[in-house]
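Enquirer: this one's structure only:
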Ligand SMILES: Nc1nc2c(ncn2[C@@H]2O[C@H](COP(=O)(O)OP(=O)(O)OP(=O)(O)O)[C@@H](O)[C@H]2O)c(=O)[nH]1
Ligand SMILES: [Mg+2]
C-alpha cells in the first residue's frame, strides 16, 4: 500500500446476480490490474455465485482503495450484513431490469441504519431489458435511500455507450478495451432537455439538505457548480443522498467513473467510529498461517507490537500485519484507517473485539447477532467411527461462520446442523471437506415420533411432534402462505401486524416443515423469516409415508 494514511473503504452490496463480482473485476481492471480473479474459493466457483466475501487493496490515481465483494444470495447474505456494519462506504449494485428485489431493500436498510455514504450503481445497462427510469421508479418506491441522478445513460441495451455528466454538462463515452478511459463529448441534442431537467432536480435535492443552499437556490434560481458539488459531498457524507451511476460491469462500463466518484464524494475515513483501533469481524483457518483474524481499521494508525484488546481488557503481541488482496496476503508495516487487515497468532481474541495500540481506546459495539436459522439438516460423518473429527471440524466452521448452528436431538440421537438455507449447509459441508478433510453426510432430520399404549387392549397409538411456527412476512404474501400452511396440516392461531409486516402464528406438524425454509423463500421471494419451536405431541392417525408429504 502507498504512503497515504487514508484508505477509501468501499463495500459492494446488492441482490444476487446484480453483478457485484463483475463490478469488482471491472474496478480492479480500471485500476490497472490485469485479469483479476474475484471469487477464487472452490465453493463460489462450483456454485457460480459468491459464497464468501473477498477483499482487494489497490491504488487508484495515488489513493489507497479497498473494495469488499459480498454475497447477494439469501443463503450467504448474513456475511454481507456483517460487512455492511464494518465498512465505511457502500456501492449498492442494482440490476437495471426494473424488478425490485428484497435483498436490495435489505442492503439499503443496512446502509440507511448506519448512515453510511452510498452510491447506487445501476448495472447491466447493456442488456435489452434494461430500463433505467423504471428501475429508478422501483428504487424510489421501495427503498429508503434517496437517489440523486448525477449521470444519465446514453443509449440502452446494445446501444448503451456512455453517460451524461449532469453537473459538468458534458458526455462521457466508455471504452471496452480501456476501462479507465473516458472520451468527452457534447450532450446529444435529443437529450439536452432531459439533462437540464436532471440538473434542476439535482439542485433541488441538494438544496433541500442545507438551509443556506435553499436560500441560494431561491434567490439565484440555481446553485453555482461549486456550491452544488460541495452540497452534494455533504449530502452523501451524511447519507441524505445516494448518487446514481448507470453502467455495465461486464464491459467495465462505468467502473473508472465509479472509482472517480467514490474518491471525490466519499468522505475520508469513518467519522463516526469512536475507536483508533481495529475491530475483528471474521476468522478463517489457513493451512499455513493458522487462524487468520480479519479486522477493519476505523481511524488512526495501528502499529505492530502490543495490541490491547479493549473489549476484554487483555493484551496481544502481534509482529506482522497482512492485507488481503484477492487470493494473496501481503505483509504491511502498519494498518491505517479504512484498511482491512489480517492478524495471526492471537490468543483469546474473537470476532467483535476491538484491538488498539492504546489501552485507553474505546471498544466498538459488538457485531450484530446474525439471522436466525432457516434450514436444518441431520449431519453425520461418512465414517461413523470418526465422529470425533466431525465435531472438531464443526467447531472450527462455526467459529468462521456464526450463522451455522449445531444441536443434538436426544429423541433421535441425531446431530442437527442449522443455517440460512439448504445451499448454505451444503456449501458448509463442502468447505469442511476441503479445509479439514472431513467428509460429512447431510440428510433431512428424522421426525421423532412416539408410541404410546392406551385403552383396555393396550393399543399402541402414534404421536407426532407439533411445532409453534411464527412467520414474519409482507402482507402481499399472507394469502399464499396461509393456503400453503393448510396443505401442511397447519392450524392458524393468530395473525397480527407488526411494524411494516404481518405475523402469522401457527401450529404445524414437524414432519410437514422439514424443508420449510426453502418453501417459504420460494413463496415470498425471500422476504419472510420464521421461527419454529417444539410445542407438544399429538395423536397421529397414520404415520405419513414420505411421498405423501408436501415437500418444499
Ligand atoms: N450483460 C451483462 N451481464 C452482466 C453484467 N454484470 C454482470 N453480468 C452477468 O450477470 C451474472 C451475475 O453476475 P455476478 O457478477 O456474478 O453477480 P453477483 O452480484 O456477484 O451475484 P452473487 O455473487 O450471486 O451475489 C453473470 O453471468 C455476469 O456475467 C453486465 O453489466 N452486463
Ligand atoms: Mg458475486
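Expert: That came through, no problem. On a predicted model such as this, the values are computed, not experimentally measured, just so you know. Residues are numbered from 1 along each chain as shown. Ligands and ions are numbered 1, 2, ... in the order given.

Enquirer: Endpoints of stretch 22-36, how far apart?
Expert: Its start and end residues considered, stretch 22-36 measures 10 Å (C-alpha to C-alpha, to the nearest Å).

Enquirer: Quick one: mean pLDDT over it.
Expert: Computed over stretch 22-36, the mean pLDDT rounds to 93.

Enquirer: what's next to that stretch, contact-wise?
Expert: 12, 38, 54, 56, 58-60, 65, 67, 69, 91, 93, 121, 123, 179-180, 247, 249-250, 252-256, 258-259, 326 (C-beta atoms under 8 Å, 6 or more residues apart in numbering). Every residue, glycine included, has its C-beta placed from N, CA and C.

Enquirer: Kindly recompute the last result at 7 Å.
Expert: Identification of contacts with stretch 22-36 by C-beta atoms under 7 Å, 6 or more residues apart in numbering yields 12, 38, 56, 58-60, 67, 69, 93, 121, 123, 179-180, 249-250, 252, 255-256, 258-259, 326.

Enquirer: From residue 50, how far off is the residue in the stretch 201-350 of the chain positioned nearest to ligand 2?
Expert: Residue of the stretch 201-350 of the chain nearest ligand 2, by C-beta to the ion: residue 249 (10.5 Å). According to C-beta to C-beta, to the nearest Å, residue 249 stands 13 Å off from residue 50.

Enquirer: for the strand ranked longest in the chain, which positions count as buried?
Expert: The longest strand of the chain (DSSP state E) is strand 459-473. In terms of neighbour count (16 or more other C-beta atoms under 10 Å), strand 459-473 has its buried residues at 464-467, 469-471, 473.

Enquirer: Quick one: distance of it to the chain centre.
Expert: Mean-position distance between strand 459-473 and its chain equals 34 Å (C-alpha atoms, centre = their mean, to the nearest Å).

Enquirer: Pull the number of nearby residues for the residue of the stretch 201-350 of the chain closest to ligand 2.
Expert: 27 (other C-beta atoms under 10 Å).

Enquirer: Dihedrals phi and psi, the nearest residue to residue 254 once chain neighbours are set aside?
Expert: Leaving aside its sequence neighbours, residue 254 sits nearest to residue 247 (C-beta to C-beta, 6 or more residues apart in numbering; 2.3 Å). Dihedral angles phi and psi of residue 247 (degrees, to the nearest 10) take the values phi -160, psi -180.

Enquirer: Out of the contacts of stretch 22-36, which sit inside helices?
Expert: 255-256, 258-259 (DSSP state H).

Enquirer: Go through those residues and give me the one with the most neighbours.
Expert: Neighbour counts for the ones in helices among the contacts of stretch 22-36, by other C-beta under 10 Å, peak at residue 255, which reaches 27 neighbours.

Enquirer: pretty sure it is touching residue 176, no?
Expert: No - applying C-beta atoms under 7 Å, one finds residue 255 not in contact with residue 176, separated by 11.2 Å.

Enquirer: tell me which of the ones in helices among the contacts of stretch 22-36 is nearest to ligand 1?
Expert: residue 255 (10.0 Å; C-beta to the nearest ligand atom).

Enquirer: If we ignore the residues flanking it in sequence, what's nearest the closest one?
Expert: residue 26 (3.6 Å).

Enquirer: Briefly note if the strand or helix carrying the one you found comes near ligand 2.
Expert: In this structure, residue 26 sits in helix 20-30 according to DSSP states H and E. Yes - using C-beta under 5 Å from the ion, helix 20-30 comes into contact with ligand 2 via 20-21.

Enquirer: Tell me if that helix is near ligand 1.
Expert: Yes - on the criterion C-beta under 6 Å from any ligand atom, helix 20-30 is in touch with ligand 1 at 20-22.

Enquirer: Distance of the residue of the stretch 201-350 of the chain closest to ligand 2 relative to residue 267?
Expert: Distance from residue 249 to residue 267, by C-beta to C-beta: 25 Å.
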